[in-house]
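Colleague: fold the following.
(chains A and B)
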Amino acid sequence: MGQTLFDKIWDAHVVSSAEGFPDILYIDTHFIHEVTSPQAFDGLRKRGLPVFRPQQTVATADHNVPTWDQHLPIKEELSRYQVDMLTKNCKEFGIELYGLGHPYQGIVHVIGPELGITRPGGTYVCGDSHTSTHGAFGAIAFGIGTSQVEQVLATQCLLQSRPKRMKIEVNGKLQNGVGPKDIILYIIAQISAAGGTGYAVEYAGDTIRSLSMEGRMTICNMSIEMGARCGLIAPDETTINYVKGREFAPKGEEWDKAVAYWQTLYSDEDAEFDSVLTFRAEDIEPMITYGTNPGMGIGVTQHVPETASFDVKEQVSYKKALDYMGLHDDETLLGKPIDYVFIGSCTNSRIEDLRQVAEFVKGKHKADNVTVWVVPGSKQVQEQAIREGLDKIFDAAGFPLREPGCSACLGMNEDKIPAGKYCVSTSNRNFEGRQGPNSRTFLASPLTAAASAITGKVTDIREFLKEEELV
Amino acid sequence: MSTKIFKHIQTPVVPLAIENIDTDQIIPARFLKATTRDGFGNNLFRDWRFDENDHPKPDFVLNNPTYSGKVLVAGKNFGCGSSREHAAWAIADYGFDAVVSSFFADIFKGNALNNGLLPVQVSDDFLQKIFDAVAADHTAEVEIDLENQFIKISATGEQESFEVNPYKKACMINGYDDIDYILSQKNKIEEFEEVR
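Modeller: Below you'll find the model as predicted:
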């Protein structure tokens, strides 16, 4: 019987396998950041252990950094201390750090791929659930807890049981104005925030295949939002062309050897999956979430579901979510006034996202009632945007381009959405308080976010695009 | 190094019948700035437990003196979202030894097991039976036996078995540590690096 892509990569990384034990899985690269690593380094010190393979560990500061005036010391004392602690730990244990001010600094899931560290066939972990992003290259990549960060620092390995395999196929042609973010929000809305739990998900089908690497990263990024262990997409020409020539990509003979191996990385035709789901691209509208988990999403023209449509047991939680969001049964979000628009996060902060937004907002201006933040995913993305003059377009539109970091995705650093305010956000989570205590998040694509910033209310991007075609 | 040991408990429970409780609720990101593992219990369920002036919200279960115990019982898909192990630290630091739910998110489950906090996955029906038992009598106790892998509602005697990875079970019962186990196979890791 044939093998799935996932199993091919997993098998190539098993150091040891014993009945009743999880496998010992070898990790090619371990990404670390300031928030989930300090206690792991402390653990190493207590055990008197070094980092086993420091050259396979890459660090950056992203969660706790300001996105304005990054050249100044971090104002908040605890944040500054945590970032300083990362610098100290990296120095002590011999780890390369792309910290604040470094030309490679940025969100960990943006810099790995752009530096050519993330490659097909590899295994990648990080103390961050959106590590699933790296699976877009045809790799096994997933988030881990701090005890596991310590484990990988100490051994370059992880104890891990093999998950089940799911294939999600999307076929057909996307509507104008619908993109990767809408695809993944649609899938999660269909299968729920727990629908992928226990699975490694391979995304396939001609719609997925037609996406750029950055689009594929957006899809894989949100695999965790359906509970999946990881998400991955078989590498192809698009993948190989993306990796080629990047800073740490293999070169010369090594490159040829690597490509030859990457070309063997696909699920065999007779490979068996534990679950297979198929969706039609034509069915996907621009998506928006209305609730407090990423599975609570609808097409932008649809109405918020009725409480009575849920199982009695689920109604308490559902009602709690609607109350928190200040919404009611059967409400339409279209036309709802908003206060903030956040374009950024490891889901949508890459150069293609910024280009798409800039192209759309060129010659337009944000509505008076809306504050807009555009936060590039990395220093390299920021520099590229400036080279292309996107910053000027953004400035003219009232969309200031900030400096790289996780920003308003997680309510940890200075960028928080105030209590009670509505934010259309290109990030990945709409949990209660995620963007700041009592903030209210509508997750959407960069285009939907941009169009909503212009009108000051939740907007169907397709209406805009139709008008622009007429002009 | 050894970790916290769990074998058997009998205790009243704290019911939290909400589904999809994500780790941002368990411990909001703004409390993740600490560089040690201690003290997260103070901020467990911070924004459900306290208002914006840091006053306890009387309707939240942790502020209700009627309920106490070493086991948190919660709705399905508990611990979804962020991989922050701080969520498991916060629950354990607050004083819970186990969490019972009808479904756990993957990463949370792993983090809990690595901290001597036992995640006990039961059927939807059994979960409802626990909630019903606590509604009838707030001191209702459950018994959780890891060695024999069952959970029992003491008052009614109803019980259900639960799954746990045999390796992690041995770790919890004996206080074994993952890093010690992997390092015992260091030669295999080095061999793997040589031949690949």
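Colleague: beyond the lengthiest strand in chain A, next helix or strand please.
Modeller: Counting residues, the longest strand in chain A under DSSP state E turns out to be strand A:164-171. Per DSSP states H and E, the first helix or strand lying C-terminal to strand A:164-171 is helix A:180-191.
Colleague: packing partners of that next one?
Modeller: strand A:164-171, helix A:213-221, strand A:275-280, strand A:287-289, strand A:297-299 (3 or more CB pairs under 8 Å, 6 or more residues apart in numbering or on different chains; DSSP states H and E). C-betas here are computed from N, CA, C, even on glycine.
Colleague: where does chain B dip in pLDDT?
Modeller: Applying pLDDT under 70 to chain B flags residues B:1-2.
Colleague: which parts of it are strands?
Modeller: For chain B, the strands defined by DSSP E cover B:8-16, B:71-74, B:98-101, B:118-121, B:141-145, B:150-153, B:159-161.
Colleague: can you put those strands in a markdown table and add mean neighbour count and distance to chain A?
Modeller: Formatted as a markdown table, the strands of chain B follow (neighbours: other CB atoms under 10 Å in any protein chain shown; distance: least, CB to the nearest CB, whole Å):
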| stretch | mean neighbour count | distance to chain A |
| --- | --- | --- |
| strand B:8-16 | 19 | 11 |
| strand B:71-74 | 25 | 11 |
| strand B:98-101 | 25 | 11 |
| strand B:118-121 | 22 | 11 |
| strand B:141-145 | 20 | 20 |
| strand B:150-153 | 18 | 18 |
| strand B:159-161 | 14 | 18 |
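Colleague: okay if I get those strands as a markdown table plus distance to residue A:335?
Modeller: Below are the strands of chain B laid out as a markdown table (distance: least, CB to CB, whole Å):
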| stretch | distance to residue A:335 |
| --- | --- |
| strand B:8-16 | 36 |
| strand B:71-74 | 37 |
| strand B:98-101 | 38 |
| strand B:118-121 | 43 |
| strand B:141-145 | 49 |
| strand B:150-153 | 49 |
| strand B:159-161 | 49 |
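Colleague: related to what we said a few turns ago, so for chain B, which of the helices and strands packed on helix A:180-191 sits nearest?
Modeller: strand A:164-171 (11.2 Å; CB to the nearest CB).
Colleague: name the nearest residue to residue B:57, ignoring sequence neighbours.
Modeller: Take residue B:57 and drop its neighbours on the chain: the residue closest to it by CB to CB, 6 or more residues apart in numbering or on different chains is residue B:51, 5.7 Å away.
Colleague: what of residue A:86?
Modeller: Excluding the flanking residues, the one nearest residue A:86 by CB to CB, 6+ apart is residue A:34, at 4.1 Å.
Colleague: kindly list the longest helix within chain A.
Modeller: The longest helix of chain A (DSSP state H) is helix A:77-93.
Colleague: and what of chain B?
Modeller: If you go by DSSP H, chain B has its longest helix at helix B:124-136.
Colleague: buried sites along that helix?
Modeller: Within helix B:124-136, the residues that count as buried by 16 or more other CB atoms under 10 Å in any protein chain shown are B:126, B:127, B:129, B:130, B:131, B:133, B:134.
Colleague: for residue B:170, state which of those residues is nearest.
Modeller: When these are ranked by distance to residue B:170 (CB to CB), residue B:126 comes first, at 25.1 Å.
Colleague: tell me how many other residues crowd residue A:396.
Modeller: Residues lying near residue A:396 (other CB atoms under 10 Å in any protein chain shown) number 13.
Colleague: hmm, I typed the wrong one, I wanted residue B:75.
Modeller: Neighbours around residue B:75, by other CB under 10 Å: 22.
Colleague: now it: how far from chain A?
Modeller: Noted for residue B:75: a distance of 6 Å to chain A, by CB to the nearest CB, to the nearest Å.
Colleague: list the residues that contact that residue.
Modeller: For residue B:75, the contact set (CB atoms under 8 Å, 6 or more residues apart in numbering or on different chains) comprises A:317, B:16, B:17, B:18, B:19, B:20, B:21, B:101, B:102, B:127.
Colleague: check contacts around the nearest residue to residue A:230 once chain neighbours are set aside.
Modeller: Nearest non-adjacent residue to residue A:230, counting by CB to CB, 6+ apart: residue A:142, 4.3 Å away. By CB under 8 Å, 6+ apart, residue A:142 lies in contact with A:125, A:129, A:131, A:132, A:229, A:230.
Colleague: show me where chain B has its helices.
Modeller: Going by DSSP H, chain B shows helices at B:23-26, B:46-49, B:86-94, B:106-113, B:124-136, B:166-174, B:178-183, B:186-195.
Colleague: got a markdown table for the ones you listed, with distance to chain A too?
Modeller: Conversion of the helices of chain B to a markdown table gives the following (distance: least, CB to the nearest CB, whole Å):
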| stretch | distance to chain A |
| --- | --- |
| helix B:23-26 | 4 |
| helix B:46-49 | 5 |
| helix B:86-94 | 7 |
| helix B:106-113 | 4 |
| helix B:124-136 | 7 |
| helix B:166-174 | 4 |
| helix B:178-183 | 4 |
| helix B:186-195 | 5 |
